[in-house]
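Trainee: quick one, fold the following:
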Amino acid sequence: MKYLSVIFCPTLVLFGFCCMAQTFKTDTISFNGNPDKFINIVIMGDGYTATEQAKFRADASSLSTYLFNQPPWSNYKSFFNIFAIEAISEQSGTKHPYTASDCSSASPMVPVTDPNTIFGVTFDYANIHRLVVPTNYQNIVNTLISNFPKYDQVIILANSPYYGGSGGSYATSTTGSSSFEVTAHELGHSFAFLADEYYAGDSYASERTNMTQQTNTDLVKWKNWLGFKDVGIYQHCCGGQSDKWYRPHNNCKMRVLGPEFCPVCSENTVKRIHNLVGTNIVARFPVENQIYFCSDSLKFNLSLAKPNPNTLKVVWDINGVIVAKNIDSVSVNKSHLSAETNILRATVTDTTLFIRDPSHNSTHTNITEWKINKVKVPEIIIHGNDQICQGDSVNLSSTEAIGYWWSNGQNTKTITVFSSGTYNVTTSDIFGCPATSSPVTIVVNPRPTVTLVFPKDTFCLSTLPLTLSGGMPENRVFSGYGVDNGVLTLDFPVPGWQNITYTYINEKHCADSVTALLFLDICSSTESPENDLKVSVIPNPTFGKFRLNFDQKQDKEMLNCSVYNSTGTFVLEIKNPDIDIDLSSQPKGTYFIRILTGEKTKILKLILH
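Mentor: Okay, here's the model as predicted:
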């Protein structure tokens, strides 16, 4: 919306002229809001010396008051800020070189003057006496840059009591008796890009909002206004090619001073206001685009730039359902929110009667939206089962949030639970909105009481395979080395202790185990003498070497003999029973010799010193 037309002067920059600028006092005549969002009119005086600044402030204030009492400016006064820059000229007045061919027709006569002024405003521009134009554009640009670069429209007020003015980039007028009307007329050119509705000459004729060569009532630019307040298609006159051009009105401020702007010129002025402001929505609350709803109700508010009388139509809707009209604020409560994510929309349209352009509603309708999210209720994730056994634990996690407050006092995303109870978590989001999860219940089941008492402490090797018993409660699982399906079986049974574990799992799937020692020993043979394997170890005890002594030669011929230590670990295999066997490299202790010959088995104990 804000701009600054900068005139470049590369040659002068070399000598430091382009950037020479003064900072002057800037007065606020009217302020309606943030200069970034409102239209800023800057009034600057030319030909006002340092001692005449009070006069300039009064002239600028009177001009502003007059202008904004003229429709449509008066209707949109609240859209503007008015500032006055107290630019100081070395000398008072306005240049009049008396070079225009029509100078003698001025009434009263304007004396020849040549004051040194900051913007060089002069009469007689382009050989037209009343055409009063600033000529020092560089000083204008530098003054704006240094004092108020966010201008939208500049008005230059020339300190001269004689009639004159001009449009162009900078609307200019004198302080003569008709100066305020001249300013309003010149703003029609500078601000609204309107043409004169008197014929200013062929060089000024072109297709404009209020000037055309079209005479077809269905095609003429102002067809929507034909017949309203004397709007028609009126031929220009006189001279040149004026008979080819047409205007919409015979009594418009763009033709003669005094009347109001015609409907066609008013419409384009209001369009220009809309285009510069961009939106009637000056501010809104909340300012965030995304809202997390965590209260019973929340108020949404618009700050609007309103015409006078107010012609703004405001429609509030949530997810396309209208909830309010023509108010600046609306309260949203939970009943309005039908989905997890909801769209609150405020649509603002200026229904002004100044505009009949069919495209107005689509081009000058302003919309602002909020995305309203219901506060997301956290969920608790159980990493495992909600029933655990005594001594075990389970992890509970919350869905993602900013803060976490568990019912057991912990404040991390994941907690570890060891005891029975009901747990919930309260979380907060980035807006500080709290939400509490549904509770989950964790049950800790007791483990069974398990005992293992064998019927006796010692079992003979000859009883293997041995069906185990003695675990309570009954009918559960035995485990240990050589145990399979409740039966102890050893491929190479030797005397010694066996660790047997009994595990019981109850109906809640909680288990406990107990381990007991069972001793396997060499017992006296209960086999018949004829089946006994007759063999002995000599010497026994021994200091290292020993030999097997068989009573029956045939037993020795079918020999399979191995030596184990007291833990049942294999030590060596005896391949030749006729030679001495040497254990001197082994640790001292008890060893067992397992002898297999045919279907006979015998285990002998050997003491190694």
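
Trainee: specify the local secondary structure of Asn142.
Mentor: helix (DSSP: H, G, I helix; E, B strand; the rest coil).

Trainee: residues contacting the residue nearest to Asn385 when sequence neighbours are not counted?
Mentor: Of all residues not flanking Asn385 in the chain, Val394 sits nearest, at 6.8 Å (CB to CB, 6 or more residues apart in numbering). (C-beta placed from N, C-alpha, C; glycine too.) Contacts for Val394 (CB atoms under 8 Å, 6 or more residues apart in numbering) come out as 382-386, 388, 416-417, 442.

Trainee: distance of Val394 from Gly496?
Mentor: Relative to Gly496, Val394 is positioned 42 Å away (CB to CB, to the nearest Å).

Trainee: do the same with Tyr564
Mentor: 9 Å.

Trainee: which one of the two is surrounded by more residues?
Mentor: Comparing Tyr564 with Gly496 by other CB atoms under 10 Å, the one with more neighbours is Tyr564, at 21 against 18.

Trainee: name the spans of the stretch 1-150 of the chain whose pLDDT lies under the cut-off.
Mentor: By pLDDT under 70, the low-scoring segments of the stretch 1-150 of the chain are 1-21.

Trainee: can you map out the strands along it?
Mentor: Secondary structure of the stretch 1-150 of the chain (DSSP state E, counting those that start in this stretch): strands located at 26-30, 39-46, 80-85.

Trainee: and the longest one, how far from the chain's centre?
Mentor: Counting by CA atoms, centre = their mean, to the nearest Å, strand 39-46 is centred 40 Å from the centre of its parent chain.

Trainee: give me the domain ranges for the protein.
Mentor: Per automatic domain parsing, the domain ranges recorded for the chain read 10-191, 279-374, 380-445, 451-521, 532-608.

Trainee: can you put those in JSON lines and add distance to Cys237?
Mentor: Shown next, in JSON lines, are the domains of the chain (distance: least, CB to CB, whole Å):
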{"stretch": "domain 10-191", "distance to Cys237": "19"}
{"stretch": "domain 279-374", "distance to Cys237": "28"}
{"stretch": "domain 380-445", "distance to Cys237": "69"}
{"stretch": "domain 451-521", "distance to Cys237": "107"}
{"stretch": "domain 532-608", "distance to Cys237": "130"}
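
Trainee: mind checking which of those domains is nearest Gln241?
Mentor: Closest approach to Gln241 among the domains of the chain (CB to CB): domain 10-191, 19.1 Å.

Trainee: in the helix or strand Asn395 falls within, which residues are buried?
Mentor: Per DSSP states H and E: Asn395 is located in strand 394-398. With burial defined by 16 or more other CB atoms under 10 Å, the residues of strand 394-398 counted as buried are 394, 396-398.

Trainee: before we move on, what about stretch 309-328?
Mentor: 312, 314-318, 324, 328.

Trainee: go through those and flag which are in strands.
Mentor: The strands, defined by DSSP state E, take in 312, 314-318, 324 from the buried residues of stretch 309-328.

Trainee: shaky segments in the stretch 351-500 of the chain?
Mentor: In the stretch 351-500 of the chain there are no weaker segments when pLDDT under 70 is taken as the threshold.

Trainee: let's see 90
Mentor: 360-364, 373-377, 428-435, 456-465, 475-476, 490-498 (pLDDT under 90).

Trainee: can you give me the helices for it?
Mentor: Along the stretch 351-500 of the chain, counting by DSSP state H, counting those that start in this stretch, helices occupy 360-363.

Trainee: mean neighbour count and distance to Leu187 for the strands of the stretch 1-150 of the chain - can I get that in CSV?
Mentor: Below are the strands of the stretch 1-150 of the chain laid out as CSV (neighbours: other CB atoms under 10 Å; distance: least, CB to CB, whole Å):
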stretch, mean neighbour count, distance to Leu187
strand 26-30, 14, 15
strand 39-46, 26, 9
strand 80-85, 24, 12
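
Trainee: how about a markdown table for those, with distance to Ser407 added?
Mentor: Formatted as a markdown table, the strands of the stretch 1-150 of the chain follow (distance: least, CB to CB, whole Å):
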| stretch | distance to Ser407 |
| --- | --- |
| strand 26-30 | 59 |
| strand 39-46 | 58 |
| strand 80-85 | 57 |
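
Trainee: of those, which is nearest Pro134?
Mentor: Counting by CB to CB, Pro134 lies closest to strand 39-46 out of those; the figure is 6.4 Å.

Trainee: does anything pack onto that closest one? Which helices or strands?
Mentor: On a contact count with 3 or more CB pairs under 8 Å, 6 or more residues apart in numbering; DSSP states H and E, strand 39-46 meets helix 53-67, strand 80-85, helix 137-147, strand 153-158, helix 263-277.

Trainee: Thr597 contacts Asn560, correct?
Mentor: Yes: using CB atoms under 8 Å, Thr597 makes contact with Asn560 at a distance of 6.9 Å.

Trainee: which one of the two is surrounded by more residues?
Mentor: Neighbour totals were compared for Thr597 and Asn560, and Thr597 leads with 20 against 13 (other CB under 10 Å).

Trainee: state the distance from the more buried one to Asn366.
Mentor: Taking CB to CB, one finds Thr597 at 109 Å from Asn366.

Trainee: for Ile291, same thing?
Mentor: Ile291 is 20 Å from Asn366, by CB to CB.
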